[in-house]
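In: Here is the input, now give the coordinates:
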Amino acid sequence: MAQYNGKVDILFSYDTDIEFESGTIKLTNGVDHMKRKLFKLMQTVPGDWKIYRSVGAKPIEYIGRENTRETGKNLETFLYRQLTEEMYPIDIRVQVVPISRESVKVYIELILLDKIIETIPFTMDFVHGITYTSFDEQVDEVKSDKNLKVDDESLFNPNPIRSRLVKRGL
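Out: Purely as a prediction, here's the structure:
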């Protein structure tokens, strides 16, 4: 697995508090820094930052939309566009997989030198928005059985995404 030790930043908890240890501000770098940056971006709506109006990737405009293939592709495009520049020098790949009639699992892969260094999943509910307080469990690959429920009966039948996964042997 590729290593990334890039940028160093102040360590913020996932609820945005600065972390201290023995009266000293803690620092973060590498993959942990990028995960925390991604979390911050996913909690920020474009326009929230007065100086950086385009920063943010919280997909609030998708709340209330129907969970269709087109909506999933549009969500992938939105997240990729909003995250790519901010996550540099890490490349990203976004994959949206339906898990119920109202929800999708979004997998964001952090890529360095053509190697996946981390896959971060979260759940997007088209009724309530992002439904997590911190990132879901880490997965090694998007095809992990613990995250992709290919035989989930709550999905539409026939399900074109399920058919594609079955054809690929996932």
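
In: Who is the most centrally placed residue in the chain paired with across the strands?
Out: For the chain, the residue nearest the mean C-alpha position is residue 108 (4.2 Å; C-alpha atoms, centre = their mean). Beta-bridge pairing of residue 108 under DSSP bridges involves residue 94, residue 120.

In: distance of it from residue 18?
Out: Per C-beta to C-beta, to the nearest Å, residue 108 is found 25 Å from residue 18. Any C-beta I mention is one placed from the backbone N, CA and C, and that applies to glycine too.

In: which sections of the protein are below the confidence cut-off?
Out: The chain contains residues with pLDDT under 70 at 1-6, 14-16, 131-170.

In: and with 80 instead?
Out: For the chain, the stretches flagged by pLDDT under 80 are 1-9, 12-17, 30, 49, 52, 130-170.

In: Now do the strands in it.
Out: Secondary structure of the chain (DSSP state E): strands at 8-10, 20-21, 24-25, 27-29, 91-98, 103-112, 115-125, 129-130.

In: Including distance to residue 66, could those strands go into CSV?
Out: Formatted as CSV, the strands of the chain follow (distance: least, C-beta to C-beta, whole Å):
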stretch, distance to residue 66
strand 8-10, 38
strand 20-21, 46
strand 24-25, 45
strand 27-29, 39
strand 91-98, 11
strand 103-112, 12
strand 115-125, 13
strand 129-130, 15
